[in-house]
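In: Kindly return the folded structure for what I paste below:
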Amino acid sequence: MSEKILVVEDETKIARFVELELTHEGYEVVIAHDGRTGVDMFFSEKPNIVILDLMLPGLNGIEVCRRIRKESSVPIIMLTAKGETMDKVMGLDSGADDYMTKPFAIEELLARLRVHLRKNVQKEEDNSNVLRLKALTIDKLKRSVKYNDEEIELTKREFELLTYLVENKNIVISRDQILNNVWGYDYVGETNVVDVYIRYIRTKIDDKYNVKLIHTIRGVGYFAKDEE
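Out: Residues are numbered from 1 along each chain as shown. Prediction:
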């Protein structure tokens, strides 16, 4: 599936030129010619990146950028005709990732689009490897656990157990399910090993930080609770 680009530009000729060039490069392009329509289309079309003119009717580019930033971290490239430092500063301060001054070379715009799209893919991949439970953060790639940014030392098995619980937060998981998914189907040993390791984790997190993240449903199993 090709990346979708939202172009918010009131100058029809420029918008059409950019649309043709981007479509030729294989992107899916949607166009808005004023700020309010741009905001509406952002939320309805869910683009991968936004090319946003600074001077727009309805809502200007700064306000459009601010409204998008309240809900999304999608890359935004701001276009400005003036090339003044203050315009660039205002655009970046409002949440834009980059800016270009009109007139611009389409090759440079394409190059910047590729850079920001790659960064966004990497960001999404990184986020998918980070789990959160209230103030607890688990980075699966780095195999690190933090509570309020304080590192927590866990053994390999403790890490795998905590990760499994947080991946299935707010769902009650039986001891057998935990044994099969954390220890493996071929595990042979004490059947209360799950209870023992739950106790280890509670000592290192729940007791230390005076929180109650891991809950017991007597006779059923355990669950990590993210809801009040």
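In: can I get the CA coordinates of the lowest-mean-pLDDT helix or strand in the chain in PDB?
Out: Counting by mean pLDDT, DSSP states H and E, the weakest-scoring helix or strand in the chain turns out to be helix 85-93, with a mean of 75. C-alpha atoms of helix 85-93 as PDB (Å, rounded to 0.1, in the frame of the first residue of the first chain):
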ATOM      1  CA  THR A  85      13.100  33.500   9.900                       C
ATOM      2  CA  MET A  86      10.100  34.300  12.100                       C
ATOM      3  CA  ASP A  87       7.700  32.300   9.800                       C
ATOM      4  CA  LYS A  88      10.000  29.300  10.000                       C
ATOM      5  CA  VAL A  89      10.300  29.600  13.800                       C
ATOM      6  CA  MET A  90       6.600  29.900  14.200                       C
ATOM      7  CA  GLY A  91       6.000  26.800  12.000                       C
ATOM      8  CA  LEU A  92       8.500  24.700  13.900                       C
ATOM      9  CA  ASP A  93       7.300  25.900  17.300                       C
END
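In: Identify all contacting residues around the helix or strand that comes right after that helix.
Out: Beyond helix 85-93 on the C-terminal side, the first helix or strand identified by DSSP states H and E is strand 98-101. Under the contact criterion C-beta atoms under 8 Å, 6 or more residues apart in numbering, strand 98-101 has outside partners 75-83, 87-88, 91-92, 108-109, 112, 116. C-beta here means a position set from N, CA and C on the backbone, and glycine is covered the same way.
In: Swap in 7 Å and give it another go.
Out: Contacts to strand 98-101, defined as C-beta atoms under 7 Å, 6 or more residues apart in numbering, come from residues Ile77, Met78, Leu79, Thr80, Gly83, Lys88, Gly91, Leu92, Glu108, Leu109, Arg112, His116.
In: before we move on, what about stretch 190-205?
Out: 136, 147, 152, 154, 157-158, 161-162, 175, 178-179, 213-214, 222.
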